[in-house]
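Colleague: No letters, just coordinates:
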């Protein structure tokens with residue numbers, strides 16, 4: 001599959017990854033089923049949806065958080081992402097992960113210091129930590145100590161809070177001094193949220209400032225973008241978020257340097273695979289509800305997508321959704 005010489009193995013601490021492409025942690029998207037699919041399409045690393053470190057302490061039986069944290073050690077390297085603002089919460093959550101028979105098989109622990117969502121930053125977590133670097137350092141130090149060298153600890157951050165406080169370079173140096181094993185930088189500020197243009201010059205500056213592996217994130221929507229990011233910034237890897245939503249084939253396209261997209265049959269088959277895995281993980285009714293959101297992403301830009309999405313809103317059974325997809329495929333041919 002791999003003709004792209006820029007796609008190569010990557011080491012993060014004691015972890016050896018088959019390649020330097022990663023699926024970003026995304027709330028509402030990075031469920032276990034989608035992570036498995038992206039691994040099969042060529043992602044060398046996938047990361048769970050963000051989970052509250054404090055919330056884990058109040059859920060020792062994993063009744064609420066399991067659906068977000070679930071990993072499959074047989075489906076490639078999977079990291080668990082935590083968010084919060086209390087160093088002790090991170091230590092406790094990591095101990096809980098290490099002691100768990102399944103979660104303990106995760107590949108790494110990632111700390112979210114980049115989420116721009118108001119609910120998260122209002123708690124002093126996510127990208128708010130870039131405004132409180134001393135607290136961020138204590139969190140990183142506690143997390144690294146709690147992991148005891150058993151799992152690499154990584155951090156995902158942004159360029160900074162806003163244009164007046166682009167501090168990713170200083171932040172990355174501080175994190176390196178705290179013992180983290182790799183850093184991912186989304187090349188946008190919190191003020192930008194997910195709009196505007198990602199400033200890749202920040203990625204180049206961070207990579208020049210630290211000896212750790214650095215993933216670049218932001219504005220990679222095709223294989224040419226991935227190539228350009230690796231060449232122009234010198235980052236070690238590419239982490240892909242929104243562009244992979246409903247488009248796991250993007251990883252395969254980067255490997256092969258071929259932008260050919262899936263046909264209707266391939267698209268339908270992946271949707272059915274995603275649905276089947278969700279049904280196994282969450283039950284049929286929940287899986288059908290979850291797939292309504294995913295459908296909009298998988299079918300974006302295809303003929304009849306709006307009609308299928310509207311019809312799917314009234315569906316409660318897996319069989320009915322499968323039939324709708326079969327009808328959609330026939331209309332697309």
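Modeller: In hand now; what should we look at? Just so we're clear, the structure is a prediction, and the values are computed from it rather than from any experiment.
Colleague: So which residues make contact with the longest helix along the chain?
Modeller: When the chain is parsed with DSSP state H, its longest helix is helix 264-282. With CB atoms under 8 Å, 6 or more residues apart in numbering as the contact definition, helix 264-282 has outside contacts at 31-34, 36-37, 67, 70, 248-249, 262, 286-288, 290-291, 294-295, 298-299, 302, 318, 321-322, 325-326, 328-329, 332-333. Quick note: C-beta positions are derived from backbone N, CA and C, even for glycine.
Colleague: any weak-confidence spans in the stretch 51-200 of the chain?
Modeller: Across the stretch 51-200 of the chain, nothing is flagged by pLDDT under 70.
Colleague: can you map out the helices along it?
Modeller: Secondary structure of the stretch 51-200 of the chain (DSSP state H, counting those that start in this stretch): helices at 53-57, 66-69, 87-99, 118-121, 133-147, 168-178, 200-209.
Colleague: Let me have those in TSV, adding mean neighbour count and distance to residue 233 as columns.
Modeller: Converted to TSV, the helices of the stretch 51-200 of the chain look like this (neighbours: other CB atoms under 10 Å; distance: least, CB to CB, whole Å):
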stretch	mean neighbour count	distance to residue 233
helix 53-57	21	31
helix 66-69	20	31
helix 87-99	20	29
helix 118-121	15	26
helix 133-147	20	23
helix 168-178	19	12
helix 200-209	20	4
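Colleague: Contact partners for residue 55?
Modeller: Going by CB under 8 Å, 6+ apart, residue 55 touches 64, 65.
Colleague: Kindly apply the preceding question to residue 223 instead.
Modeller: Counting by CB under 8 Å, 6+ apart, residue 223 makes contact with 4, 250, 253, 254, 256, 257, 258, 259.
Colleague: at 10 Å instead, please
Modeller: Counting by CB atoms under 10 Å, 6 or more residues apart in numbering, residue 223 touches 4, 6-7, 250-259.
Colleague: Now do residue 107 against residue 332, distance only.
Modeller: Residue 107 is 38 Å from residue 332, where distance means CB to CB, to the nearest Å.
Colleague: Between these two, which is the more surrounded one?
Modeller: Neighbours per residue (other CB atoms under 10 Å) separate residue 107 from residue 332, with residue 107 holding more: 21 against 16.
Colleague: excluding its backbone neighbours, what's nearest the more buried one?
Modeller: With sequence-adjacent residues excluded and distances taken as CB to CB, 6 or more residues apart in numbering, residue 107 is closest to residue 77, at 3.9 Å.
Colleague: swap in residue 262?
Modeller: Leaving aside its sequence neighbours, residue 262 sits nearest to residue 249 (CB to CB, 6+ apart; 5.3 Å).
Colleague: Give me the mean pLDDT for stretch 19-39.
Modeller: Across stretch 19-39, the average pLDDT comes to 97.
Colleague: Span of it from start to end?
Modeller: Distance between the boundary residues of stretch 19-39 (CA to CA, to the nearest Å) amounts to 11 Å.
Colleague: and if you look at stretch 187-198?
Modeller: By CA to CA, the extent of stretch 187-198 from end to end equals 5 Å.
Colleague: Ok, stretch 236-250 next?
Modeller: OK, stretch 236-250 end separation, CA to CA: 18 Å.
Colleague: surely residue 230 meets residue 10?
Modeller: No - here residue 230 does not reach residue 10: they are 11.4 Å apart, not a contact under CB atoms under 10 Å.
Colleague: Identify the contacts common to these two.
Modeller: Taking CB under 10 Å, 6+ apart as the contact rule, the neighbours common to residue 230 and residue 10 are 20, 236, 237.
Colleague: Phi, psi for the last one please.
Modeller: It refers to residue 237. The phi/psi pair for residue 237 (degrees, to the nearest 10) reads phi -150, psi 170.
Colleague: From residue 258, how far out is the nearest residue to it once chain neighbours are set aside?
Modeller: Nearest residue to residue 237, sequence neighbours excluded (CB to CB, 6+ apart): residue 20, at 3.4 Å. Residue 20 is 19 Å from residue 258, where distance means CB to CB.
Colleague: between the two, which one's more packed in?
Modeller: residue 20 (23 against 13).
Colleague: show me what contacts the more buried one?
Modeller: Counting by CB under 10 Å, 6+ apart, residue 20 touches 6-12, 44-45, 213, 215, 226, 230, 235-239.
Colleague: Cross the residues you listed against helices and list the overlap.
Modeller: Taking DSSP H, the ones among the contacts of residue 20 that sit in helices are 226, 230.
Colleague: Show me which of the contacts of residue 20 are buried.
Modeller: Listed as buried from the contacts of residue 20 are 6-7, 10, 12, 44-45, 213, 215, 226, 230, 235-239; burial here means 16 or more other CB atoms under 10 Å.
Colleague: What is the neighbour count of the residue nearest to residue 107?
Modeller: Neighbourhood size, residue 77 [other CB under 10 Å]: 22.
Colleague: circling back: and the residue nearest to residue 237, how far from residue 179?
Modeller: 22 Å.
Colleague: can you give me the strands for the protein?
Modeller: Secondary structure of the chain (DSSP state E): strands located at 10-12, 15-17, 21-23, 45-47, 51-52, 77-83, 108-113, 153-160, 182-189, 214-217, 237-240.
Colleague: Including distance to residue 311, could these go into a markdown table?
Modeller: Compiled in a markdown table, the strands of the chain are given as follows (distance: least, CB to CB, whole Å):
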| stretch | distance to residue 311 |
| --- | --- |
| strand 10-12 | 43 |
| strand 15-17 | 41 |
| strand 21-23 | 29 |
| strand 45-47 | 31 |
| strand 51-52 | 33 |
| strand 77-83 | 34 |
| strand 108-113 | 36 |
| strand 153-160 | 37 |
| strand 182-189 | 36 |
| strand 214-217 | 35 |
| strand 237-240 | 30 |
